[in-house]
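> Kindly return the folded structure for what I paste below:
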Amino acid sequence: MFSAFSPEVISFFSFYLDRKSTQPLSSRTTQEETAPLVSLREAQKLAITGLNLIAMDEGLSEGSPTESQFLHFTRCKIRGAVHLLPLVEHHIGAYCQAVPLADKSANGSCGNQSAVPSRTSTNMVSNKEDFRLSLEETTLISLGILYYLAFYSWDVVHTLLSAEVEKSSAAGDEQVSTMDKNRSCDNQCDNKEDTSTHEGLPVAPQDAPNNNQAQHSLFKKLLQVLALSAARGSQTDSILNQSLKVLVKLAENSTMDLLMNFQHLLSSRILLCCLCPETPLPAALLTVRLLAVLAQHHKLVAQLCSRSDTCLLLALYVYITSRPDKSASEMLWLQLEQETVRLLTRCMRCPTPAVLLPGSDCQCHLEVVKTLIIMLHRQWMKIRRSETSLCASKERIIQFLRDAVLLLHSLSQKDKLFHEHCLEVLHQYDQAMPGIRAILKKTQKLSACEELILDELYPSEPEAEDQGMDSS
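Sure thing, here's the model as predicted:
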């Protein structure tokens, strides 16, 4: 028998049940003080019921989670998983309520600091710091549990992304019987040459959400946590990363129609904050990974470019070319560039890939070619300068070069001003392409079509090829 969750995870959940309410005491009146505790007790009782069901669940009958996760994900009912959602929502909601209050309190106390005795002031600061740390710890645990639930349970994914489900998270337990035939979203578009139609993608169930309906209350709070942590900077990096991980997992395990529930997130400025220069690379990487999943839906692709200074693609290109996080490793930068190529490739496969092509006044249309060439040049230089220390990542770099070259060729075929858009980085292009061509011909089994693509991008020059071969 294969248990859906390991005993260690269930033990961790049990510890979570004992967490007390993290609602700030200062925010409660005497009359209101009992209500949150009653709500917490009810959520804890429901979660205990859910844990008992999970412990008895044979769920993913045989095989490892990785073998069955995507193939039959929608069959993973995991009875009781949705019963944990109200408790998760309680703690995440407390964070959403407390952070603005704490900021307001901190701003209001600045002018009155001198009037408070030093010992009292020190105790107040200490108590607030202890509360903040406890609040952030509980929020991180809550997000971690939500990630587990989204990873293992289709019921949880469907409940959070189904707009018809209102505040009660547990109500979704009986609403997913018609969903077994659908497949997880992120396993559909990879390794396919033509995704220009919607044939073969998951079909919307009869109860698929209408985009005009309200979002699930816990999903709203998750987006609010993301917004708060993105705005607060390094103080909440771990919360920012964890909330992005949950969103990525929800999107990966979604269906095509349920992805539309991310429409509001794309139209807001939240993800733009996640790609600003101050954002650490791990959070930026998770943001691009999320965008790459969402880019499977043609309507969401259209929202990547706002044709204004809030353009997500432009922010991404600026982040990549400037590399603002100086503490990040080269391997992490490679992962970001790989995810970016994956994102842009999916955009190109859309029926109308207008977000990548010239024709509007958005600066991102001028930057995409330049950014691709800069990425290609950087990774080629890394291989050229490498010794044995690069062996572990060399295969990944070569695969990146191949994917980026194919994408660059697709852009060149659709952009009549391609060569003009290369002018600013023409030196890097002329320097890198012969070497990249040689590396790919030496290490990759290229098709005749791919050989032709290399010839079209950069005609063969024997001396340059020999030099590139030597450096590979």
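> Which strands and helices lie in contact with the helix or strand where residue 218 lies?
Taking DSSP states H and E as the definition, residue 218 sits inside helix 217-232. Helices and strands touching helix 217-232, by 3 or more Cβ pairs under 8 Å, 6 or more residues apart in numbering; DSSP states H and E, are helix 85-109, helix 118-152, helix 154-161, helix 237-252, helix 270-273. The C-beta positions use only the backbone N, C-alpha and C, and glycine is treated the same way.
> and among those, the most buried is which?
Highest mean neighbour count of these: helix 154-161, a mean of 26 (counted as mean count of other Cβ atoms under 10 Å).
> From the contact counts, what lies against it?
helix 85-109, helix 118-152, helix 217-232, helix 237-252.
> Output these as TSV; include the columns distance to residue 301 and mean pLDDT.
As requested, these are arranged in TSV below (distance: least, Cβ to Cβ, whole Å; pLDDT from 0 to 100):
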stretch	distance to residue 301	mean pLDDT
helix 85-109	29	83
helix 118-152	23	82
helix 217-232	20	93
helix 237-252	14	96
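> Adding distance to residue 294, write those helices out as a markdown table.
Listed next are those as a markdown table, based on distance: least, Cβ to Cβ, whole Å:
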| stretch | distance to residue 294 |
| --- | --- |
| helix 85-109 | 22 |
| helix 118-152 | 15 |
| helix 217-232 | 14 |
| helix 237-252 | 6 |
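> so where do the helices sit in the stretch 251-400 of the chain?
Remark: helices assigned in the stretch 251-400 of the chain by DSSP state H, counting those that start in this stretch are 263-267, 270-273, 281-294, 298-301, 312-322, 330-348, 364-385, 391-414.
> which other residues reach the fourth one?
It refers to helix 298-301. 259-260, 262-263, 266, 294-295, 346-347, 350-353, 355 (Cβ atoms under 8 Å, 6 or more residues apart in numbering).
> For residue 454, list the residues it contacts.
405, 437, 440-441, 446.
> Skip the chain neighbours and tell me the closest residue to residue 408.
residue 372 (5.2 Å; Cβ to Cβ, 6 or more residues apart in numbering).
> Please read the previous query as pertaining to residue 344.
residue 407 (5.8 Å).
> Residue 372 is in contact with the one you found, correct?
Yes: counting by Cβ atoms under 8 Å, residue 407 touches residue 372, with 6.6 Å between them.
> residues shared between the contacts of the two?
Common neighbours of residue 407 and residue 372 (Cβ under 8 Å, 6+ apart) are 341, 344.
> the more surrounded of the two?
residue 372 (24 against 21; other Cβ atoms under 10 Å).
> Show the contacting residues for the more buried one.
Counted by Cβ under 8 Å, 6+ apart, residue 372 has contacts 341, 344, 404, 407-408, 411.
> just to revisit the earlier point, please render the helices and strands packed on helix 217-232 as a markdown table that adds distance to residue 433 to the earlier fields.
Shown next, in a markdown table, are the helices and strands packed on helix 217-232 (distance: least, Cβ to Cβ, whole Å):
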| stretch | distance to residue 433 |
| --- | --- |
| helix 85-109 | 49 |
| helix 118-152 | 41 |
| helix 154-161 | 43 |
| helix 237-252 | 33 |
| helix 270-273 | 33 |
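> Select, out of those, the one closest to residue 223.
helix 270-273 (6.8 Å; Cβ to Cβ).
> Kindly export that closest one (C-alpha atoms) in CSV.
Taking C-alpha atoms only, helix 270-273 is exported to CSV below (Å, rounded to 0.1, in the frame of the first residue of the first chain):
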residue,chain,number,x,y,z
ILE,A,270,2.5,42.0,-8.5
LEU,A,271,4.6,40.0,-10.9
LEU,A,272,6.3,43.2,-12.1
CYS,A,273,7.6,43.7,-8.6
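> can you list the residues that contact it?
Outside helix 270-273, the residues touching it (Cβ under 8 Å, 6+ apart) are 223, 226-227, 230-231, 265, 279, 287, 290-291, 310, 312, 315.
> Which two of those have the greatest separation?
Among the contacts of helix 270-273, 231 and 291 lie farthest apart (Cβ to Cβ), at 19.3 Å.
> So for those two, which residue has more residues nearby?
The neighbour comparison of residue 231 against residue 291 (other Cβ under 10 Å) goes to residue 291, with 30 against 14.
> Pull up the gap between the closest residue to that one other than its chain neighbours and residue 436, please.
The spatial neighbour of residue 291 that comes closest, neighbours along the chain excluded (Cβ to Cβ, 6+ apart), is residue 343 at 5.4 Å. Per Cβ to Cβ, to the nearest Å, residue 343 is found 21 Å from residue 436.
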